[in-house]
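Asks: A predicted structure for the sequence below; I have some questions about it.
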Amino acid sequence: MNSFAKYQSDTIVAIATPKGKAALAIIRISGADTFEIVKKIIPPHSPLVKGGKVKEDYIQNKMYRATFVDDELILDHGMICLFKTPKSYTGEDMAELYCHGNDFIVSQIMESLLKHCRLAEKGEFTFRAFLNKKIDLTQAEAVGNLLNAETKKSQKAALLQLKGKLCQKIKGLLEKIIEIRVIFELAIDFIEDEVPEFQPENVLNKMQNILDELKTLIDTGKDGIIIQSGIKICLIGAPNVGKSSIFNAFLKEDRAIITPIPGTTRDYLEEVFSLDGNKIRLFDTAGIHQTTDPIEMIGIERSKKLINEADIVFYITDPTIEESVNINILDTIPKDKIIKIMNKIDLWKSEMSYLNDYIPCSTITKDGLNALKNELLKRFKDIDLEIESGIITNARQLACVKNAFFHLSKAADSMKNNLTLDCIAFDIMQASNALEEIIGKLTPDDILNKIFDNFCIGK
C-alpha cells in the first residue's frame, strides 16, 4: 500500500472473494468512473442502460440481473448492485458484480474491467472509507481484526470496535483535554488579565481525572492485545514431570510425543486453540535441568526465553521432584505469571497437605484438569466488561495512549512546579496529538501504510 494514497482519484477494481470453485464470486469497483465502466461490461440493450448511461433508477443499493460481456462476447450471467456516493462502503460510487465462482470466468471479467481501471492494492477499499470519513482509524483496524478473528471474544471485540466503542472513548478524552487546552490558551493570550476558569487546583483535578482514565486504558490494553493475538501459556518444569501429557490433555489430541525417557521434548511445540471463547497459545517446552548435552542446552535456553515472553507460566512438577529443585526454578519466574501444578497424583499416596498452593492433577485419571482450566479462566474474568466499555486492541493504540499519559503527567508535574504556561500547554497539546493519532486525525503515512498493508486485496 506504499503508493495508492497518491492515486485516490483512480477508479479501482478487485476480487472480493477467495480463489477456487464456489457458487459465487464477487468483484468490487470503486471510484468516480464506476458507472461508466459498468456500462462497458454490460450489453448496450440492457435494462440498466438508457441513453448511453446507467439509469439513475438502478443506482439504489439493490441487486439486479446482469449479463457481463467483453465487447460483444458474453462472459457470464449474474447479478449487479450499484451504490451511489456517499451511501457506499468507500463513500464513492461503487459497484459489486456477482458472477459464478469459477476462476476462469472471474479472470475474464477482471481482464475486461482492467482495460478501464486499475487493480486495487491491499486494503484500498477500506482506506478510501477512512479518507472519506465513513470510518475512523480504530474502525478500520477493527475491520482487519474481524477478518482475522479466531474466537468469540476476538470477534466481539472487533465488532464493538467497528461499532465505534473505542472511538467514542477516545473522543470523550479528547474533549476533556481540549477543554484544558482552551483554558491555558486563554491564560496565555490574556496573561495580564485574570482568567476566571484558570484555577490551578481545579485544572489539576481535571488532569488527574483524565490521567486515571488513561491509566485504565493502559491497564486493560494488555488484555485487548491478548484477545486478538492470544494469551501465551508456557509449560515448564523438570524433565519427565508430564508437561507434554498436560499439553496433549488441553488439546485433546496426542500432539506431543510422550515417553518415560526424560528429555523427550528437546525443542518447544506450539499449538493454538479456543477455551471458553478465549484464544490460547500453548507452548510445551524442554525440561529445565543441568545438562552437558548441547542439543538439550539449546532447548532449555529457548524454554527460558519463552518464560520471559509468556503471559502465564504453568509450572509443572510431581511428587518425586525435590522441593529445592522446585524452589530454584520458581524463583526465576515472576509470581503473578505462575500457576503451579502437582502432576501424577494418581501415583501419590502421601498426605495432600504437601500440595500447598499447587493444583493437584493427573492426566491418567483426568483429576484436576477442570480445576486447572477454571484457574486459567479466572485470568480472563474482567475481559468481558473491558470489551463492552471499549478496549485497546493493538500495540499501536497502546503506544499512543502511553504517550498521551506521559505528556499529560509531565504537564501536571510542571504545574505543580510552577513552570511557565507555554511549557505546560505544549505537553497538553502533545497529549492531545497522541490521542488524535489513535483515531486517525493525526497519523503519519508510514503508520497508515503498515495498517492497511495487512488487509487482503478487495477489502
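Replies: Structure's in. What do you need?
Asks: Please make it C-alpha for all contacts and neighbour counts, starting now.
Replies: Fine.
Asks: what ranges do the strands span in the stretch 351-459 of the chain?
Replies: Using DSSP state E, counting those that start in this stretch, the strands assigned to the stretch 351-459 of the chain run over residues 359-360.
Asks: Name the spans of it whose pLDDT lies under the cut-off.
Replies: For the stretch 351-459 of the chain, the stretches with pLDDT under 70 are 351-355, 442-447, 450, 454.
Asks: how about 80 then?
Replies: Using pLDDT under 80 as the threshold, the predicted model of the stretch 351-459 of the chain has low-confidence ranges 351-356, 379-385, 442-459.
Asks: next one: the stretch 201-350 of the chain
Replies: Short version for the stretch 201-350 of the chain, where the test is pLDDT under 80: 251-268, 286-306, 323-326, 328-329, 332, 347-350.
Asks: Show me how the protein divides into domains.
Replies: For the chain, the structural domains run 4-135, 142-226+388-439, 230-362, going by automatic domain parsing.
Asks: nearest to residue 377, of these?
Replies: Set against residue 377 and scored by C-alpha to C-alpha, these come closest in domain 230-362, at 8.0 Å.
Asks: Any idea how far that closest one is from the middle of the chain?
Replies: Relative to its chain's centre, domain 230-362 lies at 28 Å (C-alpha atoms, centre = their mean, to the nearest Å).
Asks: Also stretch 19-28?
Replies: Using C-alpha atoms, centre = their mean, the mean C-alpha position of stretch 19-28 is found 27 Å from that of the whole chain.
Asks: Output that stretch as PDB - backbone C-alpha positions only.
Replies: Backbone C-alpha positions of stretch 19-28 (Å, rounded to 0.1, in the frame of the first residue of the first chain) are rendered in PDB as follows:
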ATOM      1  CA  LYS A  19     -10.000 -18.100  -5.400                       C
ATOM      2  CA  GLY A  20     -11.500 -21.600  -6.200                       C
ATOM      3  CA  LYS A  21     -14.800 -23.000  -7.300                       C
ATOM      4  CA  ALA A  22     -17.800 -21.800  -5.500                       C
ATOM      5  CA  ALA A  23     -21.400 -20.800  -6.100                       C
ATOM      6  CA  LEU A  24     -20.500 -17.100  -6.400                       C
ATOM      7  CA  ALA A  25     -17.600 -14.800  -6.800                       C
ATOM      8  CA  ILE A  26     -17.700 -11.000  -6.000                       C
ATOM      9  CA  ILE A  27     -15.900  -8.300  -7.900                       C
ATOM     10  CA  ARG A  28     -15.800  -4.800  -6.400                       C
END
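Asks: pLDDT of it, averaged?
Replies: The predicted model gives stretch 19-28 an average pLDDT of 94.
Asks: Show me which residues of it are buried.
Replies: By neighbour count, with 16 or more other C-alpha atoms under 10 Å as the criterion, the buried positions of stretch 19-28 are 25, 26, 27, 28.
Asks: okay if I get the domains of the chain as JSON lines plus distance to residue 374?
Replies: Converted to JSON lines, the domains of the chain look like this (distance: least, C-alpha to C-alpha, whole Å):
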{"stretch": "domain 4-135", "distance to residue 374": "39"}
{"stretch": "domain 142-226+388-439", "distance to residue 374": "17"}
{"stretch": "domain 230-362", "distance to residue 374": "10"}
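Asks: Go through these and name the closest to residue 458.
Replies: Smallest distance to residue 458 across the domains of the chain (C-alpha to C-alpha): 4.4 Å, for domain 4-135.
Asks: next SSE after the lengthiest helix in the chain?
Replies: Scanning the chain for the longest helix, with DSSP state H as the assignment, gives helix 200-229. Under the assignment DSSP states H and E, the closest C-terminal helix or strand after helix 200-229 is strand 231-236.
Asks: following that following strand, which helix or strand shows up next?
Replies: Going down the chain from strand 231-236, the next helix or strand is helix 243-251, by DSSP H and E.
Asks: tell me which residues of stretch 274-283 are tucked away?
Replies: Residues of stretch 274-283 classed as buried by neighbour count (16+ other C-alpha under 10 Å): 278, 279, 280, 281, 282, 283.
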